[in-house]
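In: Need the 3D shape of this:
(2 chains)
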Amino acid sequence: GAVVSQHPSWVICKSGTSVKIECRSLDFQATTMFWYRQFPKQSLMLMATSNEGSKATYEQGVEKDKFLINHASLTLSTLTVTSAHPEDSSFYICSASFSRGGNSYNEQFFGPGTRLTVL
Amino acid sequence: AQRVTQPEKLLSVFKGAPVELKCNYSYSGSPELFWYVQYSRQRLQLLLRHISRESIKGFTADLNKGETSFHLKKPFAQEEDSAMYYCAPPSRAPSGGSNYKLTFGKGTLLTVNP
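Out: Model prediction:
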């Protein structure tokens, strides 16, 4: 259980175009979804946190207009990289969590990631 | 802000040898800490959290408040333990409640040689 998928698994696009990446929780309703990026041989960096039906909360230094996040349902969040440039090439990973109630931390379940290459 | 340091970028041991992956934290309050693991070509997954005090795949981690450490240990490493390990403290997400966000350490790549 608790499977998260991402689509596409990889994408190559031309500079200046926009790319949409989907993150789906397949067998649970995700109250919160997270988007990370990971450069080669580096750690994951949280980009933003999103809750269904509300605006995403971006981490410091992440451009909201550049990385548009939509969390339209409890099973789907999308990340759109607008006007992509070569420096946006990276591995984008989403995760999802659901509330179990109580005050303990909800485990995050990670997607397999999407490799974006901007030419 | 919650921060962790994983001083070793690479760690190589032989099969059957003990292994310790270091993680030091520096923040106030009662810390919560997780260890995440990423095996080759697989997605990131939770290995263990300190509050559960459980052993997963033979790994344990004890929170040492005096040394501000949460080192991951295994007495006898196996080849299948080769992976990238991340220490991560959670912090409350903006939505509050029990949702949290993770700040990952830089990770340690463990290689267990036959």
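In: Let me see the contact set for the closest residue to A:Leu26 other than its chain neighbours.
Out: Nearest residue to A:Leu26, sequence neighbours excluded (C-beta to C-beta, 6 or more residues apart in numbering or on different chains): A:Val3, at 4.4 Å. Where you see a C-beta, it was placed from the backbone N, CA and C, and this is true even at glycine. Under the criterion of C-beta atoms under 8 Å, 6 or more residues apart in numbering or on different chains, the neighbours of A:Val3 are A:25-27, A:109.
In: where does the chain have low pLDDT?
Out: Answering for chain A, as no chain was given. A:1, A:100-105 (pLDDT under 70).
In: meant chain B, my bad for not saying
Out: Along chain B, the model assigns pLDDT under 70 to residues B:1-2, B:27-31, B:51-53, B:92-99.
In: any idea how far B:Tyr39 is from chain A?
Out: In this structure, B:Tyr39 and chain A are 12 Å apart, going by C-beta to the nearest C-beta, to the nearest Å.
In: tally of neighbours for that residue?
Out: 13 (other C-beta atoms under 10 Å in any protein chain shown).
In: Give me the phi and psi angles of the nearest residue to it once chain neighbours are set aside.
Out: Once flanking residues are discounted, B:Tyr39 sits nearest to B:Ala83: 4.5 Å by C-beta to C-beta, 6+ apart. Taking degrees, to the nearest 10, you get phi -180, psi 180 for the backbone angles of B:Ala83.
In: ok, now A:Leu68?
Out: Torsion angles at A:Leu68 (phi, psi; degrees, to the nearest 10) stand at phi -90, psi 130.
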